[in-house]
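Novice: here are the coordinates; sequence isn't available:
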């Protein structure tokens, strides 16, 4: 009964391999889990049949031959390519803080891990072979968390690259601005020749799904037809085409290869910088010429500066195009033409054409709608002269009294401060750069109004209708908009310092770059709320509905989220020291990329399945909080209070709970793998089924009356001379 012969891998359950696995008994469970048994035969990991194994390792240049293992070729033979695999790591040194770790702040010290060719897989029918190189290195942590970067490469044995080369490759790929481009340079990590083969195969793969750049090629073909048609028309007129048109349009350049992208990006960057320098120089020259002309005409210095500033600005105010204005212009042309004795029939037909008038009306509507959406992105409109502002105030009073439509009324730049506009219908009004400081606009209808760059300091907007209004870059410091309807409003860059929007409807509102310092947004109603690059210190959001909200790179110092609904909310690189989340709902919330909640108040908050991994919670209040299935791995919880917290199935892996209080907490089946609990108070806590393997503890840990049934404590933490554990 000979052993079965075969060319495939031995399954791990086969007795030929299973008998090499070693002994996994209670001693192993208490001292070595989850590592390998002490009596393991390392041949256990050799998948090859015994007759296909060798002593030592392959050198990568062996000859090979296969007979009758290809559908067409009776014999396949050759030599392995002689490649050498390289691997490098960077690591956190012993003694450096385990959490939080910022890999980009570490000095790159590349350490090579020696690799050897240990496994060969041949697939003759596919004419492919796989060479597997392996190596090992020691780590401080059992999950290798101290390894920060891994660089894997291959090269020709006779053409080794330097250690410095790979350090430069890693540094380039870690660059925040251009790292993604650097990662496309595959040739830096592949041997010469192999890189080209890989790129060819990738190009073939892309060609199978090629649908890009069709528009460019279609436009080029169209340009060629237009060029040829122009030449034919010129020839029919007896003209020389060369005197009027150049050569045919050039085809679009081929798409750059990945290795060409870094140089292309740099070229585009340099060209953009050059154009900017030329435009700035041209602007300075034109300003000098204009200044000389104004001075020659006798304008005083102040007036010159004003006119020059106005010349520098882009478009301001609402569009001047109107259908009525176009009709009036055309009618005037008809009249002058008639007075000159010329034929006006064609012009009169145009004037009477309902289609032309309809197109004018459509164009006017489109330009006005575009202005309503983007007024805050253009330069602020200038203020009205005092005399005109006084006329505007009178006009507003009369229009309100007469119930006139404000949708076409242009009050841009008017001074309407302090006016009583309670309940006024100003929907659709053009109020860009208007001054409404201290005005009373309670219950006013401002839906669709343009208030971009407007000043509404101290204004009263309680109960006002502002849906779809453009308040971008407006000044609302100290304004009151309690229960105002702001759904879909634009508040980009608005200054809401100290403003009160309690109970307001902010669904779909844009607050990018807004100033919300000391603002009160308690009990607001939102939908997909987002705060990015805003000023939010002292912001009140008590009882606010912020489900699925997103907060990015914000300093919430002094803010208050008490009783807020923050289900599925995301906090990215946010600082919230001492902030109150008392009674808030943060179920399935996410705190990522270095958030800090030191001394924050999360007492009584619901954080079911919340991701707090790596968050700093030093001295935080978590008493009576619900943390079921929450992830607090790698959190800094020194001195935190979790008295009577409910954290069933929560993860505290690698968390630092030094001097933390977990008195009477429900920690059933929680995981404290590799956690630090020096001096922690766990009296009367429920640790049923908890995982406390490799916990770092000391005699000051208090476990009086704690439930310790089925607590896993093996393997225990054993310090090593290198500062790690085993």
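Specialist: Happy to help now that I have it. Because the structure is predicted, anything quoted here is derived from the model rather than measured.
Novice: next one: phi and psi at the closest residue to residue 77 other than its chain neighbours?
Specialist: Nearest residue to residue 77, sequence neighbours excluded (C-beta to C-beta, 6 or more residues apart in numbering): residue 65, at 3.9 Å. Placement of C-beta: from N, CA and C, glycine included. Main-chain dihedrals, residue 65, degrees, to the nearest 10: phi -150, psi 140.
Novice: Counting neighbours, what do you get for residue 65?
Specialist: If you count neighbours by other C-beta atoms under 10 Å, residue 65 ends up with 9.
Novice: How about residue 181?
Specialist: The number of residues packed near residue 181 is 18, by other C-beta under 10 Å.
Novice: for it, helix, strand, or coil?
Specialist: helix (DSSP: H, G, I helix; E, B strand; the rest coil).
Novice: what's the distance between it and residue 372?
Specialist: 39 Å (C-beta to C-beta, to the nearest Å).
Novice: Next: residue 353.
Specialist: In this view, residue 353 and residue 372 are 29 Å apart by C-beta to C-beta.
Novice: Just want to know which of these two has more residues nearby.
Specialist: residue 372 (20 against 11).
Novice: Next up, phi/psi of that one, please.
Specialist: Residue torsions, per degrees, to the nearest 10, at residue 372 are phi -60, psi -40.
Novice: confidence score at it?
Specialist: Residue 372 carries a pLDDT value of 86.
Novice: got a list of what it touches?
Specialist: The neighbours of residue 372, taking C-beta atoms under 8 Å, 6 or more residues apart in numbering as the test, are 448, 450, 468, 470.
Novice: who's in contact with residue 246?
Specialist: If you count contacts by C-beta under 8 Å, 6+ apart, residue 246 has none.
Novice: one step back: dump the residue contacts of the residue nearest to residue 77.
Specialist: Going by C-beta under 8 Å, 6+ apart, residue 65 touches 75, 76, 77.
Novice: how much space between it and residue 129?
Specialist: With distances taken as C-beta to C-beta, residue 65 is found 13 Å from residue 129.
Novice: now residue 9
Specialist: From residue 9 over to residue 129 the distance is 15 Å, taken as C-beta to C-beta.
Novice: just to revisit the earlier point, so which of the contacts of residue 65 belong to helices?
Specialist: Among these, no residue falls in helices (DSSP state H).
Novice: for those, which one is nearest residue 663?
Specialist: For the contacts of residue 65, the minimum distance to residue 663 (C-beta to C-beta) is 71.6 Å, reached by residue 76.
Novice: Pass me the low-pLDDT residue ranges in the stretch 351-500 of the chain, would you?
Specialist: Within the stretch 351-500 of the chain, the ranges that satisfy pLDDT under 70 run 407-408.
Novice: Show me the common contact partners of residue 65 and residue 129, please.
Specialist: What both residue 65 and residue 129 touch, as defined by C-beta under 8 Å, 6+ apart, is an empty set.
Novice: least trustworthy helix or strand in this structure by mean pLDDT?
Specialist: Ranking every helix and strand in the chain by mean pLDDT, DSSP states H and E puts helix 194-208 at the bottom, with a mean of 62.
Novice: returning to that earlier point: tell me the most packed of the contacts of residue 65, by neighbour count.
Specialist: residue 76 leads the contacts of residue 65 on contacts (other C-beta under 10 Å) with 16 neighbours.
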